[in-house]
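J.: Quick one, fold the following:
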Amino acid sequence: MPIKKIFFISCLSCFLSVVLAGKPVVENVKAECDPDRVCKFDVTLRHADAGWSHYANGWEILTPSGEIVGRRVLAHPHVNEQPFTRSLRDVSIPASVDRVIIRAHDSTHGYSERKYVIRLNFGN
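T.: Down below sits the predicted model:
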């Protein structure tokens, strides 16, 4: 096979693996909050991680008005672990907020348009 053809197929393969991986999806969120409005979040993501070139690299917790109250950075791909769950502790929630939005991020596309909304229970 000519070297140009091999190079082209190799480049096309890399490109398709990035494009086909798509954006991450938040599949589930579990929140445990105390009466002082401090919460622990367990967030389950699904993403067709393709290795270091394209992987789900984090998620954020936002108030309905868009204020970021928590951020979890994911330091490596989870190619063989899908879906996967990671936690974030000690997230302080403002007094006027009773629900939050979780949005996922990946290293290629940025933030997913799909958001997960969860109502919080502060044990009152």
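
J.: can we go C-alpha only for contacts and neighbour counts from here?
T.: Noted.

J.: can you give me the helices in the protein?
T.: Here the chain has its helices, by DSSP state H, at 3-21.

J.: tell me the contacts of S112?
T.: 23-25, 103-106 (CA atoms under 8 Å, 6 or more residues apart in numbering).

J.: separation between it and Q82?
T.: For S112, the distance to Q82 (CA to CA, to the nearest Å) stands at 17 Å.

J.: now do I61
T.: Counting by CA to CA - I61 and Q82 are separated by 21 Å.

J.: about what we covered before: most neighbours of all the contacts of S112, which one?
T.: Within those, most neighbours by other CA atoms under 10 Å means A104, with 28 neighbours.

J.: Which residue, neighbours along the chain excluded, lies closest to that one?
T.: Excluding its sequence neighbours, the residue lying closest to A104 (CA to CA, 6 or more residues apart in numbering) is W59, at 4.2 Å.

J.: How many residues are close by the one you found?
T.: So W59, with other CA under 10 Å, has 24 neighbours.
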